[in-house]
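No letters, just coordinates:
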């Protein structure tokens, strides 16, 4: 995973080749996630931080299909909604970003309804 993260980090500086790089590394990312979901989750977080929204969305959707608990589904769903909001906000017009952020806030509340609280995340998406 470190090699993939390094390659993606380098790619951030080359915006013109961003999509080509995503196409190149996506199969390796999916294989990693299939082999080790925890490593795949950590990679997905790195991908999201670096701004690879399409790849992050794909990885989160694959992870969502693997989890069974409601809090984990809500957590991953909230991350997915945030990713989609970021993608919408960075595209022309940004239509729909606010609705996706509101969905993320609701999902963070669901994810945090157990022993853990995600108050910080809720405040972030509500701001």
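Now that the structure is in, tell me what you want to look at. It should be emphasised that the depicted structure is a prediction, and the values quoted were computed from it without experimental measurement. Numbers count the residues shown, from 1 in each chain.

Where do the helices of this protein begin and end?
2-12, 18-35, 37-49, 53-66, 70-90, 97-111, 119-126 (DSSP state H).

same for the third one, what does it pack against?
Judged by 3 or more CB pairs under 8 Å, 6 or more residues apart in numbering; DSSP states H and E, the packing partners of helix 37-49 are helix 2-12, helix 18-35, helix 53-66, helix 70-90. The way it works is simple: take the backbone N, C-alpha and C, and place the C-beta from them, glycine included.

ok, 6 Å please
helix 18-35, helix 53-66 (3 or more CB pairs under 6 Å, 6 or more residues apart in numbering; DSSP states H and E).

if you compare the ones you listed, which one is most tucked away?
Among the helices and strands packed on helix 37-49, helix 53-66 has the highest mean neighbour count (mean count of other CB atoms under 10 Å), at a mean of 19.

ok, and what's touching it?
Residues outside helix 53-66 that contact it (CB atoms under 6 Å, 6 or more residues apart in numbering): 22, 26, 33, 37, 41, 44, 47-48, 76, 79-80, 83, 86-87.

What of stretch 35-42?
1, 32-33, 63, 66.

returning to that earlier point: could the helices and strands packed on helix 37-49 go into JSON lines alongside mean pLDDT?
Supplementary listing: the helices and strands packed on helix 37-49 in JSON lines, determined by pLDDT from 0 to 100:
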{"stretch": "helix 18-35", "mean pLDDT": "79"}
{"stretch": "helix 53-66", "mean pLDDT": "91"}
